[in-house]
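Visitor: Pasting the sequence and the predicted model now:
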Amino acid sequence: MNCQDYDVIVLGGGSAGIAAAVAAAQNGARTALVEAGQMLGGELLTGMTVDGAINGRGEDTVGGVLNSLLQLCRNMGGFVAKLNDWRLIQYVAYDPEIMKIAIPQLVFDAGVTVYLQTFAEEVVRSDGKVSGLVVRNKGGRQLLTARAFVDASGDGDLCAMAGAEMLSVGRDEKPQPMSMMFRMANVDSGALLAYVREHPECVAVGESDAIRGGRTDREITEEIYRQGQPCVFFKGDGPLLGSAIQSGDMFPTALVMIQPTSASRREVCINATRIALDDPTRTDNVAMALRVLSQQVFQCAEFLRKSVPGFGEASISGMSPRIGIRETRRVVGDYILTGEDVLSGRKRDDGVAKGCHHVDIHQDGTGQIRIPVADGGSYDIPLASLLPKGLENVVIAGRCLSASREAQGSARVMGSCMAMGQAAGSLSAMASSQTNHASLRDIPVGRLRQTLRAQGAILDGTH
Ligand SMILES: Cc1cc2nc3c(=O)[nH]c(=O)nc-3n(C[C@H](O)[C@H](O)[C@H](O)COP(=O)(O)OP(=O)(O)OC[C@H]3O[C@@H](n4cnc5c(N)ncnc54)[C@H](O)[C@@H]3O)c2cc1C
């Protein structure tokens, strides 16, 4: 079998994996990034906003690699805007087409070796240490070896293959639904916002005190109008969407969430579709999801064109390049981040990344749990939630972190995933440069925090 050696191997090229690979390479490690698909960036390519990077008070909670990426987008003239959703959060909207160009530039310029259409199918492990990843691609099977590994596979594949303990949803629950994001161009935002201003009963607004700030619903829709961007969340139990669901014009859903992606194309991204199946790692479930979700995209676009002011002349301009998967397996780490840690905005001396998104658990049909972080603040993700129990040289990053279901419902968003990625990549680079190839746990967390701060990560100073 052909063999290649690196200092650090990152599995998974989603938002967490690209940040991990860039951080590892920036810290001097010979880094490989392994991705089953043909693109890098995962959900960053769909048009959804980056959540979890600005808290409810408007403070930035994530910097570093995310900032570099957004700056690259701005340098190319791409649309990037920090906006208030006037519901629970503030977020960063951007043009996903420019993002498709910026991500490879960032990753390749950092010096990362990229393996695309390459699937990791086995790990080589002995005594709690992983020494290699067996991958398969059109060239056949290949062994990639390294001193440290980052599992940013979303599903925790590397840890699962290495025998780590995994968490999944309970027997009587379903994981969060899969969804297909899509975009519509030629939207008249003025008409949409004028409608929203007059119909606060149709949209979700002011669901946290930090965002509401004592305003009435009508005052908030006035703010949405004044912001001038199509940031609108039609709620499933509101009269507009609710009656469309009842009449069969729309499938049952908790939301039709609209966010801007490009001013010049007058384009928005739409998050609405959903199918909840028992296990999104099963191929037959993903196939079923493709069939149902692509039909829902069409149905939702028809509903918007027919029933929502501003969409009369709009058309579908893009569908996500892949099915969106919110929740599968989580890895059991040295510490399991809890819902209480998240909701109370707990700060810690061993925090290596921040989260600030509300607990956001989509459910089947019209259900969605949304609970804000206290005082519009943020919480720290400790290093121990990124260290898989029983594995010495593997770090976790992204939505498969060691967390309760509730905590994952917050930390899964892209801002925190990128912050975790930066921490995981930096730590693996530091560990791989030790001459004795020490365990990741031998690196003092204070040293990692110092490195992260020096490279622009935000670890302190936020509510
Ligand atoms: C529909 C939807 C809407 C969302 N809305 C928002 C939003 O508005 N804002 C926000 O910030 N977040 C949102 N999220 C959450 C967020 O996008 C994801 O949780 C986050 O992007 C996960 O990133 P990740 O890198 O951890 O995992 P993923 O994006 O899942 O990336 C993992 C990568 O690993 C690769 N991989 C997995 N296994 C293997 C293997 N064995 N071999 C090789 N490659 C492998 C996969 O191909 C994939 O590219 C949404 C998620 C979904 C699905």
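Guide: Everything's here; your move. Numbers count the residues shown, from 1 in each chain.

Visitor: doesn't Glu223 fall inside a strand?
Guide: No - with DSSP: H, G, I helix; E, B strand; the rest coil as the criterion, Glu223 is helix rather than part of a strand.

Visitor: Now it. Nearest residue, chain neighbours left out?
Guide: Trp86 (5.6 Å; C-beta to C-beta, 6 or more residues apart in numbering). Every residue, glycine included, has its C-beta placed from N, CA and C.

Visitor: pLDDT value on Glu219, please?
Guide: With respect to pLDDT, Glu219 scores 98.

Visitor: host element of Ser153?
Guide: Using DSSP states H and E, Ser153 sits within no helix or strand.

Visitor: Just the buried positions in stretch 173-192, please.
Guide: Neighbour-count burial for stretch 173-192, counted by 16 or more other C-beta atoms under 10 Å, picks out 175-185, 187-189, 192.

Visitor: quick one: which of the residues you listed is nearest Ala254?
Guide: Relative to Ala254, the closest of these is Pro177; by C-beta to C-beta it sits at 9.4 Å.

Visitor: The closest one: what's it in contact with?
Guide: Going by C-beta atoms under 8 Å, 6 or more residues apart in numbering, Pro177 touches Arg274, Ile275, Ala276, Leu277, Arg326, His362, Gln363, Asp364.

Visitor: how near is the nearest residue to the first one once chain neighbours are set aside to the ligand?
Guide: The shortest distance from Arg274 to any residue other than its chain neighbours is 3.9 Å, reached at Pro177 (C-beta to C-beta, 6+ apart). According to C-beta to the nearest ligand atom, to the nearest Å, Pro177 stands 8 Å off from the ligand.

Visitor: now do Arg147
Guide: Distance of Arg147 to the ligand, computed by C-beta to the nearest ligand atom: 20 Å.

Visitor: before we move on, what about Gln246?
Guide: Going from Gln246 to the ligand by C-beta to the nearest ligand atom gives 24 Å.

Visitor: Repeat that for Asp172.
Guide: Separation of Asp172 from the ligand (C-beta to the nearest ligand atom): 23 Å.

Visitor: Just give me the neighbour total for that residue.
Guide: Per other C-beta atoms under 10 Å, the neighbour tally for Asp172 reads 5.

Visitor: The stretch 251-400 of the chain: helices as residue ranges?
Guide: Taking DSSP state H, counting those that start in this stretch to define them, one finds helices in the stretch 251-400 of the chain at 283-307, 339-343.

Visitor: Just name the most buried of those.
Guide: helix 339-343 (a mean of 20; mean count of other C-beta atoms under 10 Å).

Visitor: Quick one: mean pLDDT over that helix.
Guide: Across helix 339-343, the average pLDDT comes to 98.

Visitor: Other residues contacting that helix?
Guide: With C-beta under 8 Å, 6+ apart as the test, helix 339-343 has contacts from 346, 355, 359, 371-374, 379, 404, 406-407, 410-411.

Visitor: Could you tell me how far the closest residue to Asp85 other than its chain neighbours is located from the ligand?
Guide: Counting by C-beta to C-beta, 6+ apart, the nearest residue to Asp85 once its immediate chain neighbours are dropped is Cys231, at 5.2 Å. Separation of Cys231 from the ligand (C-beta to the nearest ligand atom) stands at 11 Å.

Visitor: again with Cys300
Guide: From Cys300 across to the ligand, the span is 13 Å (C-beta to the nearest ligand atom).

Visitor: Equivalent analysis for Glu165, please.
Guide: For Glu165, the distance to the ligand - C-beta to the nearest ligand atom - is 18 Å.

Visitor: hang on, isn't that residue packed against Arg330?
Guide: No - using C-beta atoms under 8 Å, Glu165 makes no contact with Arg330, being 10.0 Å away.

Visitor: Tell me the confidence at the residue positioned nearest the centre of the chain?
Guide: Compute the mean C-alpha point of the chain, and by C-alpha atoms, centre = their mean the closest residue is Met414, 2.8 Å away. The model reports Met414 with a pLDDT of 98.

Visitor: Name the nearest residue to it, ignoring sequence neighbours.
Guide: Nearest residue to Met414, sequence neighbours excluded (C-beta to C-beta, 6+ apart): Ser15, at 4.3 Å.

Visitor: show me where pLDDT drops low in this structure?
Guide: Within the chain, the stretches with pLDDT under 70 are 436-438.

Visitor: now do 90
Guide: 1, 127, 168-173, 433-439 (pLDDT under 90).

Visitor: Would you mind listing what in it touches the ligand?
Guide: 11-17, 34-37, 42-43, 48-52, 119-120, 152-155, 157, 179, 181, 271, 324-326, 398-399, 412-415, 417 (C-beta under 6 Å from any ligand atom).

Visitor: Okay, and which of those map to strands?
Guide: Counting by DSSP state E, the members of the residues of the chain next to the ligand that fall within strands are Leu11, Val34, Val50, Asp51, Gly52, Phe119, Ala120, Asn271.

Visitor: From those, pick the one nearest Pro104.
Guide: Closest to Pro104, out of all of these and judged by C-beta to C-beta, is Val34, at 15.4 Å.

Visitor: what sits against the spatially closest residue to that closest one that is not a sequence neighbour?
Guide: Leaving aside its sequence neighbours, Val34 sits nearest to Tyr115 (C-beta to C-beta, 6+ apart; 4.7 Å). Tyr115 sits next to Ala32, Leu33, Val34, Glu35, Val135, Asn137, Leu144 when contact means C-beta under 8 Å, 6+ apart.
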